[in-house]
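Colleague: mind looking at a prediction? Sequence and model below.
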Number of protein chains: 2
Amino acid sequence: MELLNLDKLREQLIRQEETIIFAMIERAQFKQNQAIYQSGSIEITDHSGSFLDYLLQETEAIHAKVRRYTSPDEHSFFENLPDPVLPFIEYPQLIKPNNININNLISNIYINEIIPIICSGGDDGNYGSSATCDVSCLQAISKRVHYGKFIAECKFQEKPDLYQRLIQARNSDGIMETLTNRDVELNLLNRVRIKTAAYGRDTGVNKKSMSYKIEPETIATIYETWLIPLTKEVEIQYLLNQAGSND
Amino acid sequence: MELLNLDKLREQLIRQEETIIFAMIERAQFKQNQAIYQSGSIEITDHSGSFLDYLLQETEAIHAKVRRYTSPDEHSFFENLPDPVLPFIEYPQLIKPNNININNLISNIYINEIIPIICSGGDDGNYGSSATCDVSCLQAISKRVHYGKFIAECKFQEKPDLYQRLIQARNSDGIMETLTNRDVELNLLNRVRIKTAAYGRDTGVNKKSMSYKIEPETIATIYETWLIPLTKEVEIQYLLNQAGSND
């Protein structure tokens, strides 16, 4: 297995912050539009789930065809997607084989916790646009959270003996403590505040009201309450599941 | 026909600037990857066009199903898309019926002119990610440019006699001159420079090099050289084609 570099992984996570913040700012221009999350609220021919489910599943079907989910850093929300129409490519094996996928949890948190704090309540009828933004948000969050696999593998490689001991003892709390670098997390929270302030400002347009499209503190809260813990959840699952096969 | 409000339309265009700038910044993280634009460069089962064509057409097929192209402010790049799976809805008639669609021209300019100035040359293999960003860029540009129909209708309503005279004389130059508000354009260019400087900055991350993901002047050039003229092209086509039916 090739070696991972924690600085390079962090660069990737930092770049992904923009994608996540841009996607949430785009979603925030529309109201919550709860109808798109409720099965049956919007009548769709031959489909019984929600409108978002429909759009997400159809989008994943195309992306599966262009080989998105053969990449080890991509995870689909739906199963039974079509086969790729592109030739198979071999990726370097940077992490151990695994089937960890917490997209169901991500989807629940996104719809029930994140949407209510980034969008104002109510229904503006922009169902297609809102759900298109939701697909972008969910894909960006899923990618970020499942990067935990690479982070965990990298941290494991730095201290294999310590992690092996904790894993063999099934000591989840100990693993969590060892994984956690609070300075890195505080830096991250500060960075996403600054980014959201820059990207989410109504720049030069409405000079009277220096309002934000999303409050910087809201994005920091989303990272602290959900995105960081979900990433660590993936890290712990990866370590607990894979330690036996390290070679 | 209901009346249009130019200030409200301009608010929409201003909001769309963010979408266009965000999408271009996302695309700029990848190299040009010219292979995705060349027919046959990437082998796709049962498809003879380019990789981008494939992804765009498949994406439009889904969006057609969720009724995107029944909205008068959305225009597809491909024809013969599937029927909507959602019930039909009636939109208020704000503009006169027309079939104006300059997406072919937009697509050519995007691939041949815009991509080379926002992305560095070469191939990094990120075909799926790049083409996904391209779809977002093309959709955002197409929406902005075809908003020219609403702008033209609104300007016509403000000075119907003047425009009727110019249109009956097929005086394109005179129409162009009457449509053009250079102060508004200069304000726009200045605004997109400020926005790109805010959104495209590597905020708080790489403090050594205060570089931009895209130079503000590049986005201003794209607006001045292509997006504004293309929008005016739609305005002129709309006026020349529709004036006879005004009522």
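Modeller: Good, I have the coordinates. Numbering: from 1, shown residues only, chains lettered A, B, ... in the order given.

Colleague: how deep is residue A:168 tucked in, by neighbour count?
Modeller: By other CB atoms under 10 Å in any protein chain shown, 10 other residues sit near residue A:168. For every residue, glycine as well, the C-beta is placed using N, CA and C.

Colleague: gap between it and chain B?
Modeller: Counting by CB to the nearest CB, to the nearest Å, the gap from residue A:168 to chain B is 38 Å.

Colleague: contact partners for residue A:188?
Modeller: Taking CB atoms under 8 Å, 6 or more residues apart in numbering or on different chains, we find residue A:188 in contact with A:13, A:17, A:223, A:228.

Colleague: so which of these sit within helices?
Modeller: By the criterion of DSSP state H, membership of these in helices covers A:13, A:17, A:228.

Colleague: where's the first one relative to residue A:130, distance?
Modeller: It stands for residue A:13. According to CB to CB, to the nearest Å, residue A:13 and residue A:130 sit 27 Å apart.

Colleague: neighbour-wise, which of these two wins?
Modeller: Higher neighbour count among residue A:13 and residue A:130: residue A:130, with 26 against 19, using other CB under 10 Å.

Colleague: the strand or helix carrying the more buried one near chain B at all?
Modeller: Taking DSSP states H and E as the criterion, residue A:130 maps to helix A:127-146. Yes. Counting by CB under 8 Å from any CB of the partner chain, chain B is contacted by helix A:127-146 at A:127, A:128, A:131, A:132.

Colleague: now swap in stretch A:77-88 and tell me
Modeller: Yes. Using CB under 8 Å from any CB, stretch A:77-88 reaches chain B at A:85, A:86, A:87.

Colleague: and the residue nearest the centre of chain A, how far from residue B:195?
Modeller: With distances taken as CA atoms, centre = their mean, the residue of chain A nearest its centroid is residue A:141 (1.7 Å). In this view, residue A:141 and residue B:195 are 25 Å apart by CB to CB.

Colleague: how many residues are close by residue A:70?
Modeller: Residue A:70 has 16 nearby residues by other CB under 10 Å.

Colleague: would you confirm that it contacts residue A:84?
Modeller: Yes. Between residue A:70 and residue A:84 there is a contact at 6.4 Å, judged by CB atoms under 8 Å.

Colleague: closest one to chain B out of the residues of stretch A:77-88 next to chain B, please.
Modeller: Comparing the residues of stretch A:77-88 next to chain B against chain B with CB to the nearest CB picks out residue A:85 as the nearest, at 4.2 Å.

Colleague: within the helices and strands, which one has residue A:150?
Modeller: Short version, using DSSP H and E: residue A:150 is in helix A:148-158.

Colleague: how far out from the middle of the chain is that helix?
Modeller: 17 Å (CA atoms, centre = their mean, to the nearest Å).

Colleague: tell me what it is packed against?
Modeller: helix A:6-28, helix A:172-179, helix A:228-242 (3 or more CB pairs under 8 Å, 6 or more residues apart in numbering or on different chains; DSSP states H and E).

Colleague: one more time with 7 Å
Modeller: On a contact count with 3 or more CB pairs under 7 Å, 6 or more residues apart in numbering or on different chains; DSSP states H and E, helix A:148-158 meets helix A:6-28, helix A:228-242.

Colleague: just put these in CSV and tack on distance to chain B and mean pLDDT.
Modeller: As requested, the helices and strands packed on helix A:148-158 are exported to CSV (distance: least, CB to the nearest CB, whole Å; pLDDT from 0 to 100):
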stretch, distance to chain B, mean pLDDT
helix A:6-28, 4, 93
helix A:228-242, 18, 95
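
Colleague: which residues of chain A score low on pLDDT?
Modeller: Applying pLDDT under 70 to chain A flags residues A:1-2, A:202-210, A:243-247.

Colleague: let's see that with 80 instead.
Modeller: Residues of chain A meeting the criterion pLDDT under 80: A:1-3, A:200-211, A:242-247.

Colleague: picking that back up, determine which two of the contacts of residue A:188 are furthest apart.
Modeller: Using CB to CB, the two most remote members of those are A:17 and A:228, lying 11.7 Å apart.

Colleague: how much space separates residue A:150 from chain B?
Modeller: Noted for residue A:150: a distance of 17 Å to chain B, by CB to the nearest CB.

Colleague: thinking again about what came up before, okay, the helices and strands packed on helix A:148-158 in a markdown table with distance to residue B:121 next?
Modeller: Below are the helices and strands packed on helix A:148-158 laid out as a markdown table (distance: least, CB to CB, whole Å):
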| stretch | distance to residue B:121 |
| --- | --- |
| helix A:6-28 | 20 |
| helix A:228-242 | 34 |
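
Colleague: out of those helices, which comes closest to residue B:242?
Modeller: Of those, nearest to residue B:242 by CB to CB is helix A:6-28, at 32.0 Å.

Colleague: quick one: distance of the closest one to the chain centre.
Modeller: That offset, for helix A:6-28, works out to 9 Å (CA atoms, centre = their mean).

Colleague: how about that helix as CSV, C-alpha atoms only?
Modeller: Taking Å, rounded to 0.1, in the frame of the first residue of the first chain, the C-alpha atoms of helix A:6-28 are listed here in CSV:
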residue,chain,number,x,y,z
LEU,A,6,-1.5,14.1,6.1
ASP,A,7,-0.6,17.6,4.9
LYS,A,8,-1.8,16.7,1.4
LEU,A,9,-5.0,15.3,2.7
ARG,A,10,-5.6,18.4,4.8
GLU,A,11,-5.1,20.5,1.6
GLN,A,12,-7.8,18.5,0.0
LEU,A,13,-10.2,19.0,2.9
ILE,A,14,-9.4,22.7,2.9
ARG,A,15,-10.2,22.9,-0.8
GLN,A,16,-13.4,21.0,-0.2
GLU,A,17,-14.5,23.7,2.3
GLU,A,18,-15.1,26.1,-0.6
THR,A,19,-17.2,23.6,-2.5
ILE,A,20,-19.3,23.0,0.6
ILE,A,21,-19.7,26.7,1.5
PHE,A,22,-20.5,27.6,-2.2
ALA,A,23,-23.1,24.9,-2.4
MET,A,24,-24.8,25.9,0.9
ILE,A,25,-24.9,29.6,-0.2
GLU,A,26,-26.5,28.6,-3.4
ARG,A,27,-29.1,26.5,-1.5
ALA,A,28,-29.7,29.4,1.0
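
Colleague: residue A:76 against residue A:60, yeah?
Modeller: Yes. When contacts are counted by CB atoms under 7 Å, residue A:76 is listed as touching residue A:60 (5.0 Å).

Colleague: ok so, going back, now the angle from the helix holding residue A:130 to helix A:228-242?
Modeller: Per axes from the mean of the first three to the mean of the last three CA atoms, to 10 degrees, the angle that helix A:127-146 makes with helix A:228-242 is 50 degrees.
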